[in-house]
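In: when you get a sec, could you give me coordinates for this:
(chains A and B)
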Amino acid sequence: AQKITQTQPGMFVQEKEAVTLDCTYDTSDQSYGLFWYKQPSSGEMIFLIYQGSYDEQNATEGRYSLNFQKARKSANLVISASQLGDSAMYFCAMREGGSNYGQNFVFGPGTRLSVLP
Amino acid sequence: NAGVTQTPKFQVLKTGQSMTLQCAQDMNHEYMSWYRQDPGMGLRLIHYSVGAGITDQGEVPNGYNVSRSTTEDFPLRLLSAAPSQTSVYFCASREGPGRIFYGYTFGSGTRLTVV
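Out: Down below sits the predicted model:
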């Protein structure tokens, strides 16, 4: 069973508008972490934002915020005021608290975001 | 600059050839991992290490070997390359264990093509 689901293979957004990238996850652990990474066309993986399973408030980092709905097991990334430089592939990832694979990340398939001028 | 260094950035191999992808980090991280990235599949874990001398298999280990003789280095070996191993490979490291909120620092990736 897929542990991280990103249902939007590709999305378009107009420059300066907000956009939400969806992510749902599946885990039976109580302690886990959720991450979003950005991968521009140059290929590197850039950490954007983190949400811990016990964090009561949604994480925010500048124009990025994470809409964490624990009961629904969703961790959507919201980018406010999109910029052309936001065009990239975005990956949702989860680290579980158990010993499976040494607490490594499980990644979703990614969403390719294109920002239109 | 502190970080994860991967070499080479690009490589073309013929089927059956062997090679080693190098990975080094200078952050004294205990955990290191190798992932491969394929279109539509995200990143999948190949092998990982929780410290020098300790390695284990991830989700897709077949065709790959690893070793961890030092904290800094974690090379990935392809013993007999196959076209199915054409992919982008990422090495990553983080502090550990147990700090659930710590994410990985990724290398810049190696684009491997097997013909």
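
In: contacting residues around the nearest residue to B:T70 once chain neighbours are set aside?
Out: Of all residues not flanking B:T70 in the chain, B:A52 sits nearest, at 5.8 Å (CB to CB, 6 or more residues apart in numbering or on different chains). All C-beta atoms are positioned from the backbone trio N, CA, C, and that covers glycine. Each residue near B:A52 by CB atoms under 8 Å, 6 or more residues apart in numbering or on different chains is listed here: B:R68, B:S69, B:T70, B:T71.

In: pretty sure the first one contacts B:H47?
Out: It refers to B:R68. No: taking contacts as CB atoms under 8 Å, B:R68 lies outside contact range of B:H47: 9.4 Å.

In: partners of the worst-scoring helix or strand of chain A on mean pLDDT, with directions?
Out: Lowest by mean pLDDT, DSSP states H and E among the helices and strands of chain A is strand A:105-107, with a mean of 89. Strand partners for strand A:105-107, identified by DSSP bridges, are recorded as strand A:88-96 (antiparallel).

In: give me the contact list for the partner strand.
Out: Contact with strand A:88-96 is made by A:3-4, A:6, A:21, A:23, A:25, A:27, A:29, A:31-41, A:45, A:48, A:75, A:77, A:103-108, A:110-113, B:42-43, B:100, B:103, as judged by CB under 8 Å, 6+ apart.

In: of the residues you listed, keep whichever come out buried.
Out: Listed as buried from the contacts of strand A:88-96 are A:4, A:6, A:21, A:23, A:25, A:27, A:32-39, A:45, A:48, A:75, A:77, A:103-108, A:110-111, A:113, B:42-43, B:100, B:103; burial here means 16 or more other CB atoms under 10 Å in any protein chain shown.
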